[in-house]
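> just a sequence and a predicted model for now, questions to come.
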Amino acid sequence: MKKNVLYLGNNLSSHKTNVSYMNGLSCALREAGMTVVCKSAVQNKMLRLLDMLKATLRHGYSMDNALIDTYSTQNFYYALLVSQCCRLVKLPYIPILHGGNLPQRLVHSPKLSALLFKSAKVMVSPSLYLESVFKAHGYPNVVYIPNSLQLQNYTFTARPIDSIKLLWVRSFSAIYNPKLAVDILKELLDAGQHAELCMVGPDTDGSMAVVKAYAEDLGVLVTFTGKLTKAEWTHIAMDYNVFINTTNFDNMPVSVIEAMALGLPIVSTNVGGLPFLIEAGVDGILVPPNDCKAFVEAILALKSNPEHTKAMALKARKKVEQFDWEVVKAQWIDVLG
């Protein structure tokens, strides 16, 4: 039976943001035969909230479900308010748990968290990490549905590491610790390695200018592409052979999943949901956050053990095959049924 879905969250698209999760999922659900109304793309934060509330009151009675993108900071309060509006119009709602720091929200705002999560039809977690945390806090009604990708758009390529070509793909934001990528490049060069670094992503909080100035101060050359489309950065990825993820907080980053699909060996911090995505030493390497030396040692290990590196990349590709939309689609249809 055809389903009508109201999708509430941040649907902004600008030079400062990557393509939203909402955009990708809503398009996929429409292709699966569902009617999806998305709110909101209004720039002003307060007006965006009002637009979401208005859409809930206007469309709620004709919808089967509401999806609510739920993060740990300001957006938490948006999700809380629209969830109560959903309750008012008796619209079943499903929070999608995105924020890597949501566990802290459960600890520091237990009453508000209960108000949002206890009445949910179900909660969807794109990571096993958040699923386990929520269940440990007394929220058993959590379903794990991983971030999906169209696997046919990601060609696996085994990559020799003769010279080290680092790729970093993320929004430039302090929580993702982009300066660490420059430190890693600097230490590799100081160790006599031939190395280069490309950093892909939009600037969300002024961090790009900080990182550019930092690279200039250290005297290292870094390629900054700014925001690219998915097709553009995956094409550029053909020229690189190690993917680094330097974040201090995270959930289940799509860029890491995409890099695994492309065959890029992964070196990532072991924060948040990353240990639930990457099995250390099996399909990627995990290191402590903000530890330049550990990153460099891991990268050099990849270079010095090509057969093991290739085997890890193949296992990583095999793992992310379960994230293909054709596999994940059935899970969403079941949740929205």
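Looks like it came in fine.

> now residue 253. Nearest residue, chain neighbours left out?
residue 245 (6.6 Å; C-beta to C-beta, 6 or more residues apart in numbering). Yep, even glycine has a C-beta here, placed from its N, CA and C like the rest.

> let me see the contact set for the residue nearest to residue 92 when sequence neighbours are not counted.
Leaving aside its chain neighbours, residue 92 sits nearest to residue 121 (4.0 Å; criterion: C-beta to C-beta, 6+ apart). Residues near residue 121 by C-beta atoms under 8 Å, 6 or more residues apart in numbering: 65, 92, 93, 94.

> and residue 121, what's its pLDDT?
We have a pLDDT of 98 for residue 121.

> mind listing the strands for the stretch 51-200 of the chain?
Ranges of strands in the stretch 51-200 of the chain, per DSSP state E, counting those that start in this stretch, are 65-70, 93-97, 123-125, 142-144, 164-169, 195-200.

> save those strands as JSON lines, and put in distance to residue 156 and mean neighbour count too.
Shown next, in JSON lines, are those (distance: least, C-beta to C-beta, whole Å; neighbours: other C-beta atoms under 10 Å):
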{"stretch": "strand 65-70", "distance to residue 156": "30", "mean neighbour count": "24"}
{"stretch": "strand 93-97", "distance to residue 156": "28", "mean neighbour count": "25"}
{"stretch": "strand 123-125", "distance to residue 156": "27", "mean neighbour count": "24"}
{"stretch": "strand 142-144", "distance to residue 156": "25", "mean neighbour count": "16"}
{"stretch": "strand 164-169", "distance to residue 156": "15", "mean neighbour count": "23"}
{"stretch": "strand 195-200", "distance to residue 156": "20", "mean neighbour count": "22"}
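
> can I get the ones you listed in JSON lines including distance to residue 310?
Below are the strands of the stretch 51-200 of the chain laid out as JSON lines (distance: least, C-beta to C-beta, whole Å):
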{"stretch": "strand 65-70", "distance to residue 310": "37"}
{"stretch": "strand 93-97", "distance to residue 310": "34"}
{"stretch": "strand 123-125", "distance to residue 310": "32"}
{"stretch": "strand 142-144", "distance to residue 310": "29"}
{"stretch": "strand 164-169", "distance to residue 310": "16"}
{"stretch": "strand 195-200", "distance to residue 310": "20"}
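
> in this structure residue 272 contacts residue 251, no?
Yes: when contacts are counted by C-beta atoms under 8 Å, residue 272 is listed as touching residue 251 (5.6 Å).

> now do the shared contacts for these two.
100, 127, 129.

> can you list the domains in this structure?
Following the assignment in automatic domain parsing, the chain carries domains at 4-144, 151-322.

> where does the chain dip in pLDDT?
Applying pLDDT under 70 to the chain picks out residues 1, 13-19.

> make it 80
The model of the chain has pLDDT under 80 over residues 1-2, 12-20, 99-100.

> grab the most central residue of it for me.
residue 253 (2.8 Å; C-alpha atoms, centre = their mean).

> possible to save the shared contacts of residue 272 and residue 251 as CSV with distance to residue 154 and neighbour count?
Listed next are the shared contacts of residue 272 and residue 251 as CSV, based on distance: C-beta to C-beta, whole Å; neighbours: other C-beta atoms under 10 Å:
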residue, distance to residue 154, neighbour count
100, 23, 24
127, 20, 24
129, 23, 24
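
> take those residues and keep only those in helices.
When DSSP state H defines the helices, the subset of the shared contacts of residue 272 and residue 251 inside them is residue 129.

> out of the shared contacts of residue 272 and residue 251, which is nearest to residue 35?
Checking those against residue 35 by C-beta to C-beta gives residue 127 as the nearest, at 28.0 Å.

> contacts for stretch 222-241 next, please.
Contact partners of stretch 222-241, identified using C-beta under 8 Å, 6+ apart, comprise 15-19, 153-154, 157, 159-161, 164-167, 169, 181-182, 185, 196-203, 208, 211-212, 215, 243, 258-259, 262, 264-265.

> in the stretch 51-200 of the chain, which spans are helices?
74-88, 102-108, 110-117, 128-136, 179-190 (DSSP state H, counting those that start in this stretch).

> is it true that residue 317 touches residue 260?
Yes: using C-beta under 8 Å, residue 317 is in contact with residue 260, at 6.3 Å.

> who has more neighbours, the two?
Neighbours per residue (other C-beta atoms under 10 Å) separate residue 317 from residue 260, with residue 260 holding more: 29 against 20.

> can you pull the contacts of the more buried one?
By C-beta under 8 Å, 6+ apart, residue 260 lies in contact with 266, 283, 284, 313, 316, 317, 319, 320.

> surely the residue nearest to residue 253 is in contact with residue 170?
Yes: assessed by C-beta under 8 Å, residue 245 is found in contact with residue 170 at 7.5 Å.

> joint contacts of the two?
Residues touching both residue 245 and residue 170 (C-beta under 8 Å, 6+ apart) are 253, 255.
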